[in-house]
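Give me a 3D structure for the following:
(chains A, B, C and D)
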There are 2 protein chains.
Amino acid sequence: MPRRVTVKHIAQELGISMMTVSRALNDRPNVDERTKKKVLDASKRMSYIPNSVAKSLVQRKTHTIGVVVPEITHSFFPEAIRGIEEVAYKKGYQIMLTHSAEDAKREKAVIHTLASKRVDGLLISVAESVHNNEIYKQIMKQQGLPIVFFDRCVYGIGASCVSINDEESARMITNHLIKLGYKKIAHLSGPKTVSIGLARLKGFTKAMEEHKLKIPEGYIVEAGFHEIGGYKAMNKLLDSITNGGPRAIVAVNDPAAFGAMKAINEHGLRIPEDIAIVGFSDDIRAELLKTPLTTVRQPAYEVGKKAAEKLIAHIENKKEKIEDLAVETEQVIRSSCGAVLNN
Amino acid sequence: MPRRVTVKHIAQELGISMMTVSRALNDRPNVDERTKKKVLDASKRMSYIPNSVAKSLVQRKTHTIGVVVPEITHSFFPEAIRGIEEVAYKKGYQIMLTHSAEDAKREKAVIHTLASKRVDGLLISVAESVHNNEIYKQIMKQQGLPIVFFDRCVYGIGASCVSINDEESARMITNHLIKLGYKKIAHLSGPKTVSIGLARLKGFTKAMEEHKLKIPEGYIVEAGFHEIGGYKAMNKLLDSITNGGPRAIVAVNDPAAFGAMKAINEHGLRIPEDIAIVGFSDDIRAELLKTPLTTVRQPAYEVGKKAAEKLIAHIENKKEKIEDLAVETEQVIRSSCGAVLNN
DNA sequence: TTGTATGCGTTATCAT
DNA sequence: ATGATAACGCATACAA
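Now for the predicted structure:
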């Protein structure tokens, strides 16, 4: 930062006090209209740009929201960030975007940096490798920084959370398979440490239980959130088959489903004739596959928007209710589940 | 911001001066080891997190980079932002991400906000609707804020720029069509106000001229960067045909190509048998289409990375050379151009 | 090695 | 309506 025009310069230029300049610039009521005009003219003429850093120091408010995402390029997040940005822009906040690279240590580091930068609040989607919640609690309690989790949440520590109803959505999509007549259904699960992984697993088992369907030993395989994990998990499943194997797969998300589909094809099996599969996310690629993937559409923009709104509410009103918000999902039925509609 | 632990509190707690605390916390050489240890212990015990806002005010440096993108969700940008973030993280900078929504007014507003927040530099990819460069010049000259443009650049105003070599890449991909034997080739161009739109158009015409191929009247249609524009432009082209129409299309980018392909199909024409087409971007969808799209891969991550590196170089060394950097592209030959390789 | 005074650019507070 | 002073939290410059 080179030295720039300040309130002081304007004040000297006009031979008035800094306070009058400040008041004029901030459109406060008790300033003479002519004085105000003079100040505004001078500030324009001198290309004055207020120093928000100084302002933030005295007002203890930065109008900045810290955002922590595990993987910026993950189709869900650009949309979510877009939603966050839109709300932030409208409400006069900036967003400081950071990336944890799914790494708990890095997540902790960026959270500390954001706290140090005195962001007014934090929007966090938890990294896969996170195993304890101390950092979030500390930041909230000791630093008084509000946190709203989105998509991947941490419950029971006094933070609001905005996500889709993962459990219910997983139950619904599993039900869809069951209604189509599938009985031997396996699940490629997410990491057990991440809330949405657990919730989707729960939704899957719930649907199965409701229909009195057994989940054979080894039919729940941890795949993680990425294509490679889905590929490996599916191979593991197909290689360990003794009595015919599963007839349908519920994958924790679309990338995992893509990997699984690759493995299925490599085993010489057809989709959906031999094995049906459904995903979760409505990745942009899902409808373009050779066998388009039945999946659950997550309104990412909506999640980001709601999360940002909730966070700003917490920031501007300490008494804002802490709660978990769910955004409605939508089933997208394509041909991979064996119920060809209009494809 | 609630009131938090400060250097003063630590100093009082230990009965020493603020300066000693400050030195210890910043690992300055001239501090007694035992004193330093005491300070570090106390700061940990008291959950001290330094106030970067205050630090920035006195040091006139925020370690923050402002990023302006026209459309966060545009496949290219998440990758580029990822590259920016990676470099920033390694060099100890944060990024403040803003979105112009392709709107010149909004871009101007966010640039002013970022300047007000005293970011150390600006990374800008210009919005489509921008028609003059005053704002960039002002920010650079009057505020002394370095700007590095990326992807969509503004030349000749003393800012560095990182992009792919659009003209050369467009020339190459057009050449590819020409070598395959196509002679009647049309171009769906980008907005004429955006640098990459112009450069690609230039590359196209250059390739045609080099091979002494004529570009018939009406064979260059402005389509913009989006699918809908490509669709409309292609329809216009096909509807205005008098003597057979084009045998091949060079689209300004993949989304425009997608739109054009839709129009071609709707006219009952086959790709590539009746009309061949190539795009530009290697959008994630390009290879998944029914007829996979031949295109130019843009290493977005690389562009972001180089741009961030260049900007930080400008920030940390006022004499850093202003220059235009090009990142190498790669042709991705698929079946839409009629030269089926391994697809 | 440690401490004191001062200033970064702005606004809150109290005064006129 | 306007101004003087102090304060925000920290680091620079200088002194001891």
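
Look through the stretch 201-343 of chain A and state the residue closest to chain B.
Scanning the stretch 201-343 of chain A for the residue nearest chain B gives A:Leu288, at 3.5 Å (criterion: Cβ to the nearest Cβ). Glycine gets a C-beta too; all of them are placed from N, C-alpha and C.

Relative to DNA strand D, how far out is the closest residue in space to that residue that isn't next to it in sequence?
Closest residue in space to A:Leu288, ignoring its immediate chain neighbours: B:Leu288 at 3.5 Å, by Cβ to Cβ, 6 or more residues apart in numbering or on different chains. The gap separating B:Leu288 from DNA strand D is 51 Å, by Cβ to the nearest atom of the strand, to the nearest Å.

residues contacting B:Leu288?
B:Leu288 makes contacts with A:285, A:288-289, as judged by Cβ atoms under 8 Å, 6 or more residues apart in numbering or on different chains.

at 10 Å what do you get?
A:284-290, A:292 (Cβ atoms under 10 Å, 6 or more residues apart in numbering or on different chains).

where do the helices sit along the stretch 201-343 of chain A?
With DSSP state H, counting those that start in this stretch, the ranges of helices along the stretch 201-343 of chain A come out as A:227-239, A:254-266, A:300-316.

near DNA strand D, which residues of the stretch 51-200 of chain A show up?
A:54, A:57-58, A:60 (Cβ under 7 Å from any atom of the strand).

what mean pLDDT would you report for stretch A:296-309?
pLDDT averaged over stretch A:296-309 equals 96, rounded to a whole number.

how close does the residue of the stretch 51-200 of chain A found nearest DNA strand D sit to B:Gln59?
Of all residues in the stretch 51-200 of chain A, A:Val58 sits closest to DNA strand D, at 3.4 Å by Cβ to the nearest atom of the strand. For A:Val58, the distance to B:Gln59 equals 17 Å [Cβ to Cβ, to the nearest Å].

same deal with A:Ile65?
Using Cβ to Cβ, A:Ile65 is found at 24 Å from B:Gln59.

between the two, which one's more packed in?
Under the criterion of other Cβ atoms under 10 Å in any protein chain shown, the comparison of A:Ile65 against B:Gln59 puts A:Ile65 first, with 28 against 11.

ok, the more buried one touching A:Tyr89?
No: with contact defined as Cβ atoms under 10 Å, A:Ile65 does not reach A:Tyr89; the gap is 11.0 Å.

which residues do these two both contact?
Common contacts of A:Ile65 and A:Tyr89 (Cβ under 10 Å, 6+ apart): A:95, A:308.

do you know how far A:Pro78 is from chain B?
4 Å (Cβ to the nearest Cβ, to the nearest Å).

and that residue, which of the three is it?
helix (DSSP: H, G, I helix; E, B strand; the rest coil).

re the thing from before, let me have the helices of the stretch 201-343 of chain A in a markdown table, extended by mean neighbour count.
Putting the helices of the stretch 201-343 of chain A into a markdown table (neighbours: other Cβ atoms under 10 Å in any protein chain shown) gives the following:
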| stretch | mean neighbour count |
| --- | --- |
| helix A:227-239 | 21 |
| helix A:254-266 | 23 |
| helix A:300-316 | 23 |
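
Export those as CSV, with columns for distance to chain B.
What follows is these, written out as CSV (distance: least, Cβ to the nearest Cβ, whole Å):
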stretch, distance to chain B
helix A:227-239, 12
helix A:254-266, 10
helix A:300-316, 9
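
so can I have a markdown table of those showing distance to B:Asn253?
Formatted as a markdown table, the helices of the stretch 201-343 of chain A follow (distance: least, Cβ to Cβ, whole Å):
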| stretch | distance to B:Asn253 |
| --- | --- |
| helix A:227-239 | 25 |
| helix A:254-266 | 24 |
| helix A:300-316 | 22 |
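
nearest to B:His267, of those?
Evaluated with Cβ to Cβ, the helices of the stretch 201-343 of chain A place helix A:254-266 nearest to B:His267, the distance being 32.6 Å.

Of all pairs in the contacts of B:Leu288, which one is the farthest apart?
Maximum pairwise distance in those, criterion Cβ to Cβ, is 15.7 Å, between A:Ile284 and A:Lys290.

Looking at those two, which has the bigger crowd around it?
The neighbour count for A:Ile284 versus A:Lys290, taken as other Cβ under 10 Å, is higher for A:Ile284 (16 against 11).

Please parse chain A into its domains.
A:7-50, A:59-164+A:299-327, A:166-298+A:331-337 (automatic domain parsing).

ranges for the strands of chain A?
Remark: strands assigned in chain A by DSSP state E are A:64-69, A:94-99, A:121-124, A:147-150, A:160-164, A:185-189, A:220-222, A:248-251, A:276-278, A:295-297, A:324-327, A:330-332.

Report how far apart the opening and closing residues of stretch A:234-249 are.
9 Å (Cα to Cα, to the nearest Å).

Over to stretch A:60-68?
End-to-end distance of stretch A:60-68 (Cα to Cα): 22 Å.

ok, A:Ile72 touching B:Val69?
No: with contact defined as Cβ under 10 Å, A:Ile72 does not reach B:Val69; the gap is 11.9 Å.

who touches both of those two?
Contacts common to A:Ile72 and B:Val69, judged by Cβ under 10 Å, 6+ apart, are B:77-78, B:80-81, B:84, B:97.

Let me know the closest of these to DNA strand C.
Nearest to DNA strand C among the shared contacts of A:Ile72 and B:Val69 is B:Leu97, at 23.8 Å by Cβ to the nearest atom of the strand.
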